[in-house]
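J.: Dropping a prediction and its sequence here:
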Amino acid sequence: LEPGALSVRFQPVYEVHEHVMVGHYIECLIRGPQGTSAESPDILFEYARKKNREAEVDRRCLSMILEAARTLAPHIRVGINVHASTLALDPGFVEFLGNETKRIGVEADRLVIEIVEHAPPWDVGAFRRALEALRDLGAAIALDDVGLGHSNFMMILECRPNYFKIDRYFVHGARTDMYRQAVLASVAQLALPFAARVVAEGVETEGDLEAVRHAGI
């Protein structure tokens, strides 16, 4: 939480049309202090969770990401990871987010709030109210790591996301794996009634790109 300890990285989310890549939005990621084990976000946020400081760290990350997003063109949407527990247990978080967007000058309707969770169940009622407040601000909702851990069917129903983000576990090697292809196709079909877009993470080969495109992603 000290100044300079955290840094922001940009990761683009693309749409591909006949092998022409078009930027869709930018996901903003946090890295911990360089040269330490906490530089890894998995270790960083696991440590924050153990210290019961997730909400405080999420607030700091939000402010840093919005500051960094000022360098992006104003039409580009900005993805921000937020823990579900933060939305459920920090009643002032959404108000803080709204105030920070005004202070920094990044419109709230540019935001894609990517819900992540690596903790036990939380206050579902408070979580729903926070999601509704985010939507009232104009933010879109994404569910991260679909298919793994807490990003399950219950979370899909609770979040009703605008974006389903499929974890790279199901993408890597999909070109030659009929079972992975079946999972990709099922998520693409599941997203249709929600009028949601599906994002495949970790596409690194032409073969896997063809597999996710064939699935309708």
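T.: In hand now; what should we look at? All values reported here derive from a predicted model rather than from experimental measurement.

J.: Assumed V78 was part of a helix.
T.: No. V78: not assigned to a helix; according to DSSP: H, G, I helix; E, B strand; the rest coil it is strand.

J.: packing partners for the lengthiest helix in the chain?
T.: Longest helix in the chain by number of residues, with DSSP state H as the criterion: helix 54-69. Applying 3 or more C-beta pairs under 8 Å, 6 or more residues apart in numbering; DSSP states H and E, one finds that helix 54-69 contacts strand 7-17, strand 20-31, helix 41-50, strand 77-83, helix 84-89, helix 93-104. Using the backbone N, CA and C atoms, a C-beta is placed for each residue, glycine as well.

J.: On the pLDDT front, check the residue of the chain most remote from its centre for me.
T.: The outermost residue of the chain relative to its centre, with distances by C-alpha atoms, centre = their mean, is T176 at 27.5 Å. Note on T176: pLDDT of 95.

J.: For L184, find the nearest of the helices and strands packed on helix 54-69.
T.: Relative to L184, the nearest member of the helices and strands packed on helix 54-69 by C-beta to C-beta is strand 7-17, separated by 14.6 Å.

J.: Parallel or antiparallel, which strands does the closest one pair with?
T.: strand 20-31 (antiparallel) (DSSP bridges).

J.: average model confidence for the strand it pairs with?
T.: On average, strand 20-31 scores 89.

J.: What lies in contact with it?
T.: Applying C-beta atoms under 8 Å, 6 or more residues apart in numbering, the contact partners of strand 20-31 are 6-16, 39-41, 44, 61, 64-65, 68-69, 72, 76-81, 112, 114.

J.: Provide a PyMOL selection command restricted to the buried entries of those.
T.: In PyMOL, a selection of the buried entries from those looks like this (16 or more other C-beta atoms under 10 Å):
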select buried, resi 6+8+10+13+41+44+61+65+68+69+72+77+78+79+80+81+112+114
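
J.: ok, back up a step: with distance to A196 as extra columns, can I get the helices and strands packed on helix 54-69 in a markdown table?
T.: Shown next, in a markdown table, are these (distance: least, C-beta to C-beta, whole Å):
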| stretch | distance to A196 |
| --- | --- |
| strand 7-17 | 14 |
| strand 20-31 | 13 |
| helix 41-50 | 25 |
| strand 77-83 | 15 |
| helix 84-89 | 17 |
| helix 93-104 | 21 |
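
J.: out of the ones you listed, nearest to R128?
T.: helix 84-89 (9.0 Å).

J.: Show me what counts as buried in the closest one.
T.: Those would be 84-89, for helix 84-89 by 16+ other C-beta under 10 Å.
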